[in-house]
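Asks: Sequence first, then the predicted structure:
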Amino acid sequence: LRELFSTDLKNLRILVSLLDRFDPKSDGTSRDWQTIYNESARLLYEEIDYLGEAERADRFRKNFADTPWIKVPEVYWELTGRRVVTMEYVPGVKINRVKEIQAMGVDLSLLAERSGQSYLTQLLRHGYFHCDPH
């Protein structure tokens with residue numbers, strides 16, 4: 001993936017230089033295409049840093065270890081490396097599959113309340129927000 005990303009990013013860099021030069025910004029915004037490109041490239045490479053991904057998941061798990069209604073899979077470090085993360089299997093249902101969640105008897109109001117509570121806890125108590133908790 002790293003090689004593919006590098007090739008794609010080289011091509012995007014050309015487009016970015018053109019956008020910075022020719023974007024009329026007539027909609028009142030002051031887009032800085034180079035800054036957007038740099039941040040996107042950095043995040044893209046972070047996404048394929050599987051040891052980093054595992055560390056972030058483990059940090060999230062430790063932060064919520066005492067919260068009984070949050071289950072975070074454990075990382076199997078002996079089976080995790082630069083190119084793969086191996087985690088405990090935890091069955092679940094995607095949050096956007098509302099009918100399935102309702103069929104399980106989950107209280108949607110409580111789910112919404114706890115979701116908000118977990119996000120606020122991440123930000124305000126832990127100072128660490130895991131925006132990709134899949």
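Replies: Yes, it's here.

Asks: what about Phe60, how many neighbours?
Replies: 20 (other CB atoms under 10 Å). Heads up, the C-betas are built off the backbone N, CA and C, glycines and all.

Asks: likewise Glu47?
Replies: Other residues lying near Glu47 total 12 when counted by other CB under 10 Å.

Asks: and if you look at the one 4 residues further on?
Replies: Residues lying near Leu51 (other CB under 10 Å) number 15.

Asks: pretty sure it is touching Trp77, no?
Replies: No - with contact defined as CB atoms under 8 Å, Leu51 does not count as touching Trp77 (9.5 Å).

Asks: and Glu78, that's in a helix?
Replies: Yes - membership of Glu78 in a helix is supported by DSSP: H, G, I helix; E, B strand; the rest coil.

Asks: and it, how many neighbours?
Replies: Glu78: 7 surrounding residues under other CB under 10 Å.

Asks: can you check Arg2 too?
Replies: Residues near Arg2, counting by other CB under 10 Å, number 11.

Asks: mind listing what the residue nearest to it when sequence neighbours are not counted touches?
Replies: Excluding its sequence neighbours, the residue lying closest to Arg2 (CB to CB, 6 or more residues apart in numbering) is Ile48, at 6.4 Å. Taking CB atoms under 8 Å, 6 or more residues apart in numbering, we find Ile48 in contact with Leu1, Arg2, Phe5.

Asks: can you put these in JSON lines and add secondary structure and distance to Ile101?
Replies: Shown next, in JSON lines, are those (DSSP: H, G, I helix; E, B strand; the rest coil; distance: CB to CB, whole Å):
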{"residue": "Leu1", "secondary structure": "coil", "distance to Ile101": "33"}
{"residue": "Arg2", "secondary structure": "helix", "distance to Ile101": "37"}
{"residue": "Phe5", "secondary structure": "helix", "distance to Ile101": "35"}
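
Asks: which residues of the protein fall in helices?
Replies: 2-22, 33-47, 50-63, 98-103, 108-120 (DSSP state H).
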